[in-house]
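Student: take a look and give me a structure for this.
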Amino acid sequence: MPDATALDCADAMIEKAWGRPIADLEKSASRLVATDPMLRSSMHHRAHLVVVSNSIAVHQERLHALTRPGQVPAFYDLDRITASASALRVAYAESNTAVQMIRHVVDAREHAFNAKGGPDAERVRAATARTSRAPGPLGPSVDRSAPPAAAPAPLVANRR
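Tutor: Okay, the predicted model is just below:
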């Protein structure tokens, strides 16, 4: 797989870890928030990787257009070439970081499965409990009644 992109590598890692195709995992990731937070996390990082991969393609096309064979770049094109090249390097760095984040999530998942009965089992259970906790509702609780409204202050006319 010499032409494999970072997105292809990430897809292969995720599919291998969960044992299902990416299309199925994308559908179930939004529904499995409480049951599998690691899948949701890896799919979130994959979504970021999709955006970065598109950015890489755009910067590569721009750079190839500015540096066509047989064309001498104009003086004002040098800044655009430099900007495109540096943006491409940044996009590649972001892509590598996203793949590394997915690799860490997959490794953590494997570690969690291996630590079910081992000495690290309590740490894994605590970390899973922290990540799978649903956020509480915003605002006051529903079972508590609202405080009574204050009576309006009487209007006093200024009589000078």
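
Student: please pull out the lowest mean pLDDT helix or strand from this structure.
Tutor: Least confident element among the helices and strands of the chain, by mean pLDDT, DSSP states H and E: helix 121-132 (a mean of 60).

Student: show me which parts of the helix or strand that contains Ala83 are buried, residue by residue.
Tutor: Using DSSP states H and E, Ala83 sits in helix 77-114. Under the neighbour-count criterion of 16 or more other Cβ atoms under 10 Å, helix 77-114 has 84, 87-88, 91-92, 94-95, 98-99, 101-103, 105-106, 108-109, 112 buried. All C-beta atoms are positioned from the backbone trio N, CA, C, and that covers glycine.

Student: per-residue confidence at Ile22?
Tutor: Here the pLDDT value assigned to Ile22 is 89.

Student: now swap in Arg31 and tell me
Tutor: pLDDT at Arg31 comes out at 69.

Student: what's the answer for Ala112, then?
Tutor: The model's pLDDT for Ala112 equals 78.

Student: where does the protein dip in pLDDT?
Tutor: For the chain, applying pLDDT under 70 flags the ranges 1-2, 30-35, 115-160.

Student: pull the residues that contact stretch 13-31.
Tutor: 11, 36, 39-40, 42-43, 46, 99, 102-103, 106, 109-110 (Cβ atoms under 8 Å, 6 or more residues apart in numbering).

Student: for these, work out which two are farthest apart.
Tutor: The largest separation in the contacts of stretch 13-31, counting by Cβ to Cβ, is between Asp36 and Val99 at 20.3 Å.
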